[in-house]
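1. structure of the sequence below:
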Amino acid sequence: MLQLRKKKEGKEASEIPKNVQKYLNSINLFIQRAEEIEDRYCLFQFQNQFREQIEKFNRLLKYAPAIDFALQDRSISIRDFLQDEMKLKSLYCKVVLQNDFEKIKKLFKKGEKSDELTDETVRRIEQFSDFKVFVHFDFNGKSWHQFESAFQLIKNKLNSEITDVSIVKNKDGDDQKVIVPSKNIYRTLCSGNKKNDWQFPDFDLDSRYKSFTFKDGGQFEDFLHTDSFALKSPLRTLAGTNIGVYIFPLALDDEPITASEYESFFFEKKDETRLINEPIFSFERDITKFKRFDFVFTDIGGNTENDRIEISGIEKSRFLEIKKRIEDISLKITEEKRKAFDRSDIKNLRIENSFTNLLGKAEIEENSKSKNVKVVFKNMTKTSGGLKPVPQYQSHLLKVLPLIYTENYYYDEVLLPELIRKVEFSVRSGDEWGNYTLLKFDLKFLLSIQNSKTNKFMEITDSASYQIGTRLGKLSKPLKKKINSFEKKYVGLLTRHISTKDDCIKFSNEINEMLVRHEKTWAQMSAETIEQIVALPNKEYDKEKLALGFFEGYFKYEVADDKKSLLAKIEKLISDYGEIENLQYEIQQLRETLEEIK
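-> Numbering: from 1, shown residues only. As a prediction, the model looks like this:
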């Protein structure tokens, strides 16, 4: 074998230098081309260097205050600190103790001093973070996104991971490729997956294109570009909440929409919407291509935004009809309110304002000079962390608004009980008018915009319980001036006195007894009221409707004039002497006279 190898080596020895040189030439050529590629694609170089230095880069971000300190002290070698994390941690603790001592000392154990810290406290300080870092990449004067060819490759790769290509039939019946989002950029309507989890028939993954498609990659990038600035801030925030409203316009009939049209829509709408509070959005000045809209209600109160409710595919024409209906109801009831308060400067009723009054937090305000008490209702309250939305108001508004603008707002069980609770609180707090007249119009407005065939507010006022309550309220009104504690004990705790039908009969008798004691008796009216309560079937008795009627009779402001005063005196005579036998003829004459005057 040794001799054979020697013979072979001797035979080919002269050829080896030639082959080596050939291989070396190929290797050198490859290296040269690789270097040319590296020079051409700086991002490739950056990727290699970044992968090698990632640990140091992470330390630079994590301990940025220490790095900043080291940059200002030439005696400190940053390279040494980046290579030795223990030294960097020690410097970091020293720097943050010096710069943020008031915050850091809260991490100390009781009696612990800054120069005698336990290992546990040091670990907590190492985790302390109260700074921001701006990272800027510079490649020979260019930012990373200015390398268009490399950046386009990155975009293509990212886009391919969040989209699928589908084949659909166009208007001419020919096959056409379209791009369909496969992730949560847009919530496509489909059901089921590869495990055959079919929740809805015929809503399959192959039908996603019917919800939303893009004709090509350029149109999809336009959408991403639009989404990036559309989501920087909501078009508006619901009054007194952390709920932002985002609106995404859609075109019908596959009309192409450019990025500039999206930009025009969003920027113009942001300026316009700042001027309005209702409805949730205005379409008065709108691009004609946009015929349908998606509304997304998002919680923007935290560090991250969380979608809470989405209303998909609202037609512009239908939305305008809903808006017009709400406005007409608002104008009508606002006019009633202006007449009731005899003021022409009262602003139109609005959904968010009315919910604020009924569901907001009641706060007492006292005039320092007159000492008059006024109860106001707010949708935000002061906390140690600043102003926070009232939870009940925010959650209910978020629940109800989608129902209103999809015409599914049929019933709202909290409105009437909340009005009663707030009126009772106002009365107990010493507010002279108890806020009833104010809240009544908010209740009437919100009940009237519901989508029931019958008006819910009229259903309440036409009920027997409400009518009985109105009589009781009128009967009780004279006691306000005769008994100082009457309002706080009876009106401010009304629902406790009328919880059941039997309780209501007892309450009516108490009212009548108090009227007799203070010579304000209305015998006939009192007797008729009690008879109505007794005759009312238990299943029809409703304490909340009765309470609303009571407030109407008790708080309703009536302008005094001579005729009304005369009628009241005649009615009192009839009431006081109506049961005396030897005066029946005279009483009958008074009744006839009363009818003629009326």
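2. all strands of the chain, in order?
-> Ranges of strands in the chain, per DSSP state E, are 163-169, 175-181, 236-237, 243-251, 290-299, 306-315, 361-366, 373-378, 380-383, 386-389.
3. closest one to residue 75 among those?
-> Closest of the strands of the chain to residue 75 is strand 386-389, at 43.6 Å (criterion: CB to CB). Using the backbone N, CA and C atoms, a C-beta is placed for each residue, glycine as well.
4. on that earlier part again, could you dump the strands of the chain into CSV with distance to residue 73 added?
-> Listed next are the strands of the chain as CSV, based on distance: least, CB to CB, whole Å:
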stretch, distance to residue 73
strand 163-169, 51
strand 175-181, 52
strand 236-237, 46
strand 243-251, 45
strand 290-299, 45
strand 306-315, 44
strand 361-366, 53
strand 373-378, 52
strand 380-383, 42
strand 386-389, 38
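5. out of those strands, which is closest to residue 555?
-> Per CB to CB, nearest to residue 555 of those: strand 373-378, 13.8 Å.
6. got JSON lines for the strands of the chain, with mean neighbour count too?
-> Shown next, in JSON lines, are the strands of the chain (neighbours: other CB atoms under 10 Å):
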{"stretch": "strand 163-169", "mean neighbour count": "13"}
{"stretch": "strand 175-181", "mean neighbour count": "17"}
{"stretch": "strand 236-237", "mean neighbour count": "18"}
{"stretch": "strand 243-251", "mean neighbour count": "20"}
{"stretch": "strand 290-299", "mean neighbour count": "19"}
{"stretch": "strand 306-315", "mean neighbour count": "14"}
{"stretch": "strand 361-366", "mean neighbour count": "14"}
{"stretch": "strand 373-378", "mean neighbour count": "18"}
{"stretch": "strand 380-383", "mean neighbour count": "13"}
{"stretch": "strand 386-389", "mean neighbour count": "14"}
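7. least confident of those strands, on average?
-> When mean pLDDT is averaged over each of those, strand 306-315 scores lowest at a mean of 71.
8. contacts for it?
-> Residues from elsewhere that reach strand 306-315 (CB atoms under 8 Å, 6 or more residues apart in numbering): 187, 189, 243, 250, 291-299, 398, 401-402, 405-406.
9. run the chain-centre distance for that strand.
-> Mean-position distance between strand 306-315 and its chain equals 12 Å (CA atoms, centre = their mean, to the nearest Å).
10. how near is residue 591 to residue 577?
-> Using CB to CB, to the nearest Å, one gets 12 Å for the distance from residue 591 to residue 577.
11. in the stretch 101-250 of the chain, which spans are helices?
-> In the stretch 101-250 of the chain, the helices defined using DSSP state H, counting those that start in this stretch lie at 101-104, 119-127, 148-161, 217-230.
12. and stretch 511-525, C-alpha only, in CSV?
-> Provided in CSV are the C-alpha atoms of stretch 511-525 (Å, rounded to 0.1, in the frame of the first residue of the first chain):
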residue,chain,number,x,y,z
ILE,A,511,-100.3,61.1,54.8
ASN,A,512,-104.1,61.6,55.5
GLU,A,513,-103.6,61.7,59.2
MET,A,514,-100.8,64.3,58.9
LEU,A,515,-103.0,66.4,56.7
VAL,A,516,-105.8,66.3,59.2
ARG,A,517,-103.5,67.3,62.1
HIS,A,518,-102.3,70.3,60.2
GLU,A,519,-105.8,71.2,58.9
LYS,A,520,-104.8,70.5,55.3
THR,A,521,-107.3,67.7,54.8
TRP,A,522,-108.5,66.7,51.3
ALA,A,523,-111.0,64.1,52.5
GLN,A,524,-112.5,63.1,49.2
MET,A,525,-109.3,63.0,47.3
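13. before we move on, back to that, out of the strands of the chain, which gets nearest to residue 526?
-> strand 373-378 (31.0 Å).
14. what angle separates that closest one from strand 361-366?
-> For strand 373-378 against strand 361-366, the angle by axes from the mean of the first three to the mean of the last three CA atoms, to 10 degrees is 150 degrees.
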